[in-house]
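Q: Below are the sequence and a predicted model for it; my questions follow.
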Amino acid sequence: MKSKERINKNYLKIITIAYFSILMLVGILTFKNYGFNIDEKFQRLNGFYWLSFLLDFTNFNNLNTIAQEILRNINDFTLSDVKYYNKYGIVFDVPLALLEIIFKIKEPINYYYLRHFFNFVFFFISSIYFFKIIENRYKKIFLSFLGVSFYILTPRIYGDSFQNSKDIIFLSLITISMYYLFKFEDKLKIKNLILFSLFLSLATTTRIIAIIVPLVFIALYILSFLEVSKRKKLYKIQNILIFTLSYLLFLILFWPYLWDSPFYNFIDYFKTLDASMLGEIKIYFNGEYYSSSSLPYYYIPLWIVISTPSLHLILFFLGFSYKFKRFWIKFINLNNQSTQCDFWKSINEKKDFFIFLNFSIILILLLTFNLRFVNSWRYCYFLHFFLMYFLTYAIYLVFIKIKKNKIYKIIFLNFLIIILANTSYKILIYHPYESLYFNGLLSKEYKNKFEVDYTGLSGIKFLRDITQEEKDKKIINIGTVSWYPIWRMVELLEKNDSSRIRIVSRESINKADYIYSNKISEVNKIFNKKYDVPKNFTKILDFEKDGAIIYEIYKKNK
């Protein structure tokens with residue numbers, strides 16, 4: 001019997017390795033297919049800024065000289081000065097800056113290919129941790145495969161996993177930290193508590209909203225005092241102190257911005273969450289223009305609903321609703337309990353409650369406060385972990401409900417496989433623009449009531465297509481009628497092509513041979529004519545994916 005169990009375990013191990021090997025292979029084969037977003041140049045600048053800062057404390061003078069030289073050469077007349085926006089963390093940007101020097105990368109496009117590859121590697125690692133989280137929670141390997149497949153095969157998340165070095169890294173760090181929390185809850189080992197605090201601190205340096213998680217953890221730990229003896233209370237106090245001190249230590253250690261004045265700079269960072277810091281730019285949302293400082297409360301929920309596969313959302317809603325009902329009943333019956341906290345009856349239910357409480361508090365904050373949002377819910381991609389956790393819980397509930405009926409189990413499993421197959425097909429349709437996915441419930445007209453390619457992933461494709469189309473032309477004049485710095489993409493072309501491109505200013509737009517527009521504007525285009533196309537140009541192309549217009553091309557009339 002033991003021999004059979006050993007064979008089964010070895011078989012499952014081979015399947016698991018094969019599953020993740022295929023995922024990694026797909027990433028290796030496709031990471032160069034993706035476009036480049038407008039934030040990547042600034043994130044590279046941020047990496048070299050902090051790398052040089054850190055090297056000042058070492059004797060690696062030659063390395064520091066190279067870093068400073070690269071830093072001076074990263075320029076762009078619309079690029080923000082990193083000295084005034086130096087609040088970003090270093091967990092991804094600094095290691096990538098160092099690798100760029102070590103590998104002696106000189107070609108501009110290869111800077112970003114390097115970043116795209118390791119961006120995906122980060123997400124790939126987080127998917128392994130999500131697999132382990134589900135396995136830890138349910139002890140059912142097939143559920144782990146289903147859960148991680150939904151985690152990976154969510155088009156916007158998958159597409160951004162190759163080029164979004166803020167939000168996907170944040171999502172990944174949140175996922176990894178949750179695994180170590182689960183491990184700590186299982187055996188209360190200090191090692192897991194410290195690892196939880198480490199990855200949580202790294203997440204906080206990436207997006208400050210992660211501060212909610214340690215606060216909830218401490219609050220729940222204090223709440224659990226109600227059900228233990230005095231001796232165990234002392235042990236729990238010890239754990240709280242270890243967690244708090246290690247979290248703060250790691251937070252300061254891996255966030256150089258705090259080194260000068262930890263408390264003041266930490267408080268000052270919250271100013272970046274104020275929507276007014278963006279200025280009064282306009283956001284095109286649901287067919288209307290809104291000021292960035294007064295977006296509707298449903299901005300994030302609606303974006304999640306329209307850009308996540310609908311069946312993913314249904315499963316999430318089922319899982320979350322069931323947990324909400326259970327915890328609500330426990331809450332209203334608290335008065336009937338004399339000494340015990342009865343939000344959880346087991347370690348697994350305590351884990352669920354922790355995830356539930358974090359998600360609920362974060363969602364309330366997002367709906368209540370006027371936080372800094374632009375273009376979709378990418379600043380909130382870390383919510384993907386919570387969505388997929390409750391989605392997996394819903395699958396678990398259904399299987400429990402039908403466990404005695406093999407036919408129903410086969411039908412439901414096939415239903416899930418069809419969902420995943422359909423989502424995979426959508427990823428293929430949108431590739432390499434999975435980041436711009438809208439679900440099938442939306443009509444073509446409705447999809448175009450939202451900003452589609454805000455980060456300009458399509459800019460490099462447009463330039464490559466134009467240089468190929470006009471391969472015999474010595475100089476190609478390009479203009480833009482959108483709020484998009486397309487000139488940042490020119491250096492990523494082959495040298496013989498980049499030398500032929502001339503970007504004309506908006507004031508000289510009539511000198512352009514072609515005009516590009518990804519339809520993004522910081523003004524209300526209904527009343528402000530800043531981005532009107534000159535009358536002597538004719539639209540020659542609407543480039544779209546699944547009905548969503550990504551960019552337009554206009555050509556000067558002869």
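A: Thanks, I have it.
Q: CA only for contacts and neighbour counts going forward, please
A: OK.
Q: Where does residue 492 sit: helix, strand or coil?
A: Using DSSP: H, G, I helix; E, B strand; the rest coil, the three-state assignment for residue 492 comes out as coil.
Q: do residue 550 as well
A: For residue 550, the secondary-structure state derived from three-state DSSP is strand.
Q: Quick check: buried residues in stretch 21-29?
A: By neighbour count, and taking 16 or more other CA atoms under 10 Å as the criterion, the buried residues in stretch 21-29 are residue 27.
Q: Need the contact partners of that stretch.
A: Applying CA atoms under 8 Å, 6 or more residues apart in numbering, the contact partners of stretch 21-29 are 117, 120-121, 124.
Q: Mind doing that once more with 10 Å?
A: Contacts of stretch 21-29 with the rest of the structure, by CA atoms under 10 Å, 6 or more residues apart in numbering, involve 15, 17-18, 20, 116-117, 120-121, 124-125, 127, 152, 161-162.
Q: Repeat that for stretch 489-499.
A: By CA under 10 Å, 6+ apart, the residues outside stretch 489-499 that reach it are 35-38, 41, 107-112, 456-464, 466-468, 470-471, 474-476, 500-503.
Q: Just the CA trace of it, in PDB.
A: What follows is the C-alpha trace of stretch 489-499 in PDB, where atoms were taken according to Å, rounded to 0.1, in the frame of the first residue of the first chain:
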ATOM      1  CA  MET A 489       9.800  53.800 -28.600                       C
ATOM      2  CA  VAL A 490      12.000  55.100 -31.500                       C
ATOM      3  CA  GLU A 491      15.300  53.900 -29.800                       C
ATOM      4  CA  LEU A 492      13.900  50.400 -29.600                       C
ATOM      5  CA  LEU A 493      13.800  50.100 -33.400                       C
ATOM      6  CA  GLU A 494      16.600  48.600 -35.500                       C
ATOM      7  CA  LYS A 495      19.200  51.400 -36.000                       C
ATOM      8  CA  ASN A 496      18.600  51.700 -39.800                       C
ATOM      9  CA  ASP A 497      14.900  52.200 -39.000                       C
ATOM     10  CA  SER A 498      15.200  54.500 -36.000                       C
ATOM     11  CA  SER A 499      17.500  56.800 -38.000                       C
END
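Q: Report the distance from that stretch to the chain centre.
A: For stretch 489-499, the distance between its averaged C-alpha position and the chain's averaged C-alpha position is 29 Å (CA atoms, centre = their mean, to the nearest Å).
Q: what comes up buried for that stretch?
A: 489-493, 497-498.
Q: phi, psi of residue 426?
A: Dihedral angles phi and psi of residue 426 (degrees, to the nearest 10) take the values phi -60, psi -40.
Q: now the one 4 residues further on
A: Phi and psi for residue 430, reported as degrees, to the nearest 10, are phi -80, psi -20.
Q: How about it: what's its closest non-neighbour residue?
A: On the basis of CA to CA, 6 or more residues apart in numbering, the spatially nearest residue to residue 430 that is not a chain neighbour turns out to be residue 545, at 5.9 Å.
Q: OK, contacts around that neighbour?
A: Each residue near residue 545 by CA under 10 Å, 6+ apart is listed here: 429-431, 433-434, 436-438, 444.
Q: ranking those by neighbours, who comes first?
A: By neighbour count, taken as other CA atoms under 10 Å, the most surrounded of the contacts of residue 545 turns out to be residue 438 (29 neighbours).
Q: That residue: helix or strand, and which one exactly?
A: Per DSSP states H and E: residue 438 is located in neither a helix nor a strand.
Q: List the buried residues in the strand or helix carrying residue 413.
A: In this structure, residue 413 sits in helix 406-430 according to DSSP H and E. Buried residues in helix 406-430, defined by neighbour count with 16+ other CA under 10 Å: 409, 412, 416, 419-420, 423-424, 426-427, 430.
Q: what's the farthest-apart pair in those residues?
A: 409 and 430 (31.8 Å; CA to CA).
Q: Can you list the low-confidence ranges for this structure?
A: Scanning the chain with the threshold set as pLDDT under 70 gives 1-7, 225-233, 271-279, 334-343, 370-372.
Q: wait, isn't residue 417 in contact with residue 146?
A: Yes. Checked against CA atoms under 10 Å, the pair residue 417 and residue 146 is within contact range at 8.5 Å.
Q: what's the closest non-adjacent residue to residue 512?
A: Nearest to residue 512 is residue 477, by CA to CA, 6+ apart, at 4.7 Å.
Q: Can you tell me which helices and strands whichever strand or helix holds residue 246 packs against?
A: Counting by DSSP H and E, the element that carries residue 246 is helix 230-253. In terms of contacts (3 or more CA pairs under 10 Å, 6 or more residues apart in numbering; DSSP states H and E), helix 230-253 is packed against helix 190-206, helix 212-223, helix 262-269.
Q: Give the next helix or strand downstream of the shortest one.
A: What it means is helix 262-269. Following the chain from helix 262-269 toward its C-terminal end, the next helix or strand by DSSP H and E is strand 282-285.
Q: any idea which helix or strand comes after that next one?
A: strand 288-291.
Q: buried stuff in the helix or strand that comes right after that following strand?
A: Downstream of strand 288-291, the next assigned helix or strand under DSSP H and E is helix 299-307. Of the residues in helix 299-307, 299-300, 303-304, 306-307 count as buried by neighbour count, 16+ other CA under 10 Å.
Q: What of stretch 191-206?
A: So stretch 191-206, judged by 16+ other CA under 10 Å, has buried residues 192-206.
Q: mind checking how far stretch 450-463 is from the chain centre?
A: For stretch 450-463, the gap between its own C-alpha mean and the chain's C-alpha mean amounts to 18 Å (CA atoms, centre = their mean).
Q: thinking again about what came up before, give me the residues contacting the helix holding residue 413.
A: Helix 406-430 is contacted from outside by 146, 149-150, 152-156, 158-159, 308-312, 395, 398-403, 431, 433-440, 544-546, using CA under 10 Å, 6+ apart.
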